[in-house]
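> Fold the stuff below for me.
(one chain, ligands or ions: 2)
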Amino acid sequence: MRLPDAVRIVEVGPRDGLQNEAGHVSTQAKVELIDGLANAGLGYIEAGSFVAPAWVPQMADTAAVWAAMRQAPGVTYAALVPNLRGLENALACGVREVAVFASASEGFSQHNINCSIAQSLARFEPVLARALSEGVRVRGYVSCVMGCPYDGKVTPEQVRPVALALSEMGCYEVSLGDTLGVGTATQTRRLIDVVGHAVPRAQLAGHYHNTYGQALANVYASLLEGVSVFDSALGGLGGCPYAKGASGNLATEDLVYLLQGLGIETGVALDTLIALSWAFNRVLGRTPDAKVSLARPAPGVGP
Ligand code: HMG
Ligand code: MG
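Numbering: from 1, shown residues only. Ligands and ions are numbered 1, 2, ... in the order given. Okay, the predicted model is just below:
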């Protein structure tokens, strides 16, 4: 199979990356992160979520972030919303692209959004209808596509109907989330094969957490299956507060390095990204969880 000429990277650091952060991250630091990501060439940035603050306190200042951040021309800025209330809050902040999220496993659905998979899909119907009527584009996530912290094994056959439902509701793209980071390349290829019979591969994205160090292998497996959109987080930030034990996302700098090596265009300036990763991790008081940044500390901002 021919690899794609270009890949679209969806930077989820400011949302997926920071939602699980133990310490407080200031609104100003989030704004500088988002602006820095756009400056490094990321064309799509998920800049927070409008979820219940009692559930995810780290995202409680998303409206303030949106009010302060610069919106660079040509960059898509998006926010995650769990329900109609979240969508209305997002619209009030001028958000023009949102993401909704369902789970492939019942256990995670209950723990993450306090309802069954069927209830969550029913809840998203009016969210999609309202967003689309406002001309707001909606991306969908399916979580726990290769394993669930509560239910264990998850099969591609469980993922397919959830992905299809999101697509039929009007999500222009469905991102397949290995929330636990347990999947392997063989599993990934089978997942895309099975789900790809319901949702065209051109409308699928890969969202691989790196708990077992398999995220890059899973990206490569996905490329071979014709997927060309991948989610990642600067410095490997993140995890989900309702997926205990799961580590951060695939690091954006590691993803960019892989794609550059394959001759695939991303539009991202790797050195600028590495410098940003070191600078932002300094704010967090640690080093990046990214092989590329550790191998190539930027002058003046390294360890
Ligand atoms: P609930 O408790 O069942 O809902 O939570 P509720 O309607 O009873 O509301 C409870 C309280 O929250 C009420 O306030 C509501 O007004 C308020 P109170 O009356 O108690 O003062 N509320 C809200 N406030 C602000 N914004 C809102 C909102 N909605 C209700 N939008 C709910 C249900 C879905 C709201 C909750 O479970 C929730 O917010 N969950 C979000 C969890 C989350 O953000 N998880 C992480 C993202 S998913 C992820 O990381 C996976 C992904 O990355 C892919 C992957 O890795 O696989 C996407
Ligand atoms: Mg995630």
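> check whether stretch 181-201 contacts ligand 1.
No. Judged by CB under 6 Å from any ligand atom, stretch 181-201 stays clear of ligand 1, getting no closer than 8.8 Å. Backbone N, C-alpha and C define where each C-beta goes, glycine included.
> Show me which positions of that stretch end up buried.
If you call a residue buried by 16 or more other CB atoms under 10 Å, then stretch 181-201 has these buried ones: 181-183, 185, 187-188, 190-192, 194-196, 198-199.
> Next: stretch 9-23.
Within stretch 9-23, the residues that qualify as buried are Ile9, Val10, Glu11, Val12, Gly13, Pro14, Arg15, Asp16, Gly17, Leu18, Gln19, Asn20, counting by 16+ other CB under 10 Å.
> Mind checking which of the residues you listed land in strands?
Among the buried residues of stretch 9-23, DSSP state E puts Ile9, Val10, Glu11 in strands.
> how near is the second one to Glu46?
For Val10, the distance to Glu46 equals 7 Å [CB to CB, to the nearest Å].
> Toward the C-terminus, what is the element adjacent to the helix or strand Gly86 falls within?
Taking DSSP states H and E as the criterion, Gly86 maps to helix 84-92. For helix 84-92, the following helix or strand on the C-terminal side (DSSP H and E) is strand 97-103.
> Looking at the buried residues of stretch 181-201, which is nearest ligand 1?
Ligand 1 lies nearest to Gly181 out of these, by CB to the nearest ligand atom, at 8.8 Å.
> now the helices: where do they sit in the stretch 151-300 of the chain?
Assigned by DSSP state H, counting those that start in this stretch, the helices in the stretch 151-300 of the chain fall at 156-169, 185-195, 215-224, 252-261, 270-284, 291-295.
> Now render those as a markdown table, adding mean pLDDT and distance to Ala205.
Shown next, in a markdown table, are those (pLDDT from 0 to 100; distance: least, CB to CB, whole Å):
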| stretch | mean pLDDT | distance to Ala205 |
| --- | --- | --- |
| helix 156-169 | 98 | 11 |
| helix 185-195 | 98 | 11 |
| helix 215-224 | 98 | 9 |
| helix 252-261 | 98 | 12 |
| helix 270-284 | 96 | 20 |
| helix 291-295 | 96 | 21 |
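> Make TSV from those helices and add distance to Ile113 to it.
Shown next, in TSV, are those (distance: least, CB to CB, whole Å):
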stretch	distance to Ile113
helix 156-169	13
helix 185-195	21
helix 215-224	24
helix 252-261	26
helix 270-284	27
helix 291-295	33
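> Nearest spatial neighbour of Gln158, chain-adjacent residues omitted?
Ala104 (4.9 Å; CB to CB, 6 or more residues apart in numbering).
> residue contacts, that neighbour?
Ile117, Val142, Ser143, Cys144, Val145, Cys148, Val154, Gln158, Val159, Val162 (CB atoms under 8 Å, 6 or more residues apart in numbering).
> let's see 10 Å
Neighbour list for Ala104: 117, 142-148, 151, 154-163, 176-177, 179, 191, 195 [criterion: CB atoms under 10 Å, 6 or more residues apart in numbering].
> Of the residues you listed, keep whichever come out buried.
Applying 16+ other CB under 10 Å to the contacts of Ala104, the neighbour count classes 117, 142-148, 151, 154, 156, 158-160, 162-163, 176-177, 179, 191, 195 as buried.
> quick one, phi/psi of Val31?
Taking degrees, to the nearest 10, you get phi -60, psi -40 for the backbone angles of Val31.
> mind checking how far the one residue in the stretch 51-200 of the chain that gets nearest to ligand 1 is from Leu255?
Relative to ligand 1, the nearest point of the stretch 51-200 of the chain is Gly177 (2.1 Å; CB to the nearest ligand atom). From Gly177 across to Leu255, the span is 15 Å (CB to CB).
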